[in-house]
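Chemist: What follows is a predicted protein model with its sequence.
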Amino acid sequence: MQKLNFPDYSFRFKNSENKIAIFDQIRKKYILLTPEEWVRQHTIHWLTEDKKISKNLINVEKTIKINDLVKRYDIVVFQNNGAIKLLVECKAPTVKITQETFHQIARYNLLLKADFLMVTNGINHYFCKMDFENQQYIFLNDLPI
């Protein structure tokens, strides 16, 4: 897999029927290793190891319903009180982060109401703080969590 713009982490892999799977420490199971999953797993390790977020406060790939459409978010980080602190959208390294990517995460956030957003393709990371009053996001250099 491609080297990403994250620190180096230790991952567990297994090979089954000529397909490689990576262990997800949040879902506690092996997941088929795709380029997007590679980014997702790096992001999870970055959140738990570098940002020191408890694994108990992280949720991965859950479905949500937005305007009768079933969607799936990549990563959510909760606060201790159950409110959502961070919503993360992961893309494969070959996927360019565009305005449409931000529209996608903003649509999800209309329902989830996260304080912060992160969009990453493993190479480029974008961080935003939500300004709900003015219905906009403010770009940040890093996540203050």
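Modeler: It's in.
Chemist: The chain: strands as residue ranges?
Modeler: For the chain, the strands defined by DSSP state E occupy 13-16, 19-24, 29-32, 58-66, 69-78, 84-90, 116-120, 125-131, 136-140.
Chemist: need the contact list for Trp46.
Modeler: Going by Cβ atoms under 8 Å, 6 or more residues apart in numbering, Trp46 touches 6-7, 9. Bear in mind the C-beta positions are built from the backbone N, C-alpha and C, glycine included.
Chemist: Run a quick neighbour tally on Phe23.
Modeler: For Phe23, the count of nearby residues is 14 (other Cβ atoms under 10 Å).
Chemist: Identify the residues contacting the closest residue to it other than its chain neighbours.
Modeler: Excluding the flanking residues, the one nearest Phe23 by Cβ to Cβ, 6 or more residues apart in numbering is Arg12, at 3.9 Å. By Cβ under 8 Å, 6+ apart, the contact set of Arg12 is 22-23, 30.
Chemist: How about Met118?
Modeler: 43, 86-89, 125-128, 143.
Chemist: rerun that using 6 Å as the cut-off
Modeler: Contacts for Met118 (Cβ atoms under 6 Å, 6 or more residues apart in numbering) come out as 88, 127.
Chemist: Alright, I will stop here.
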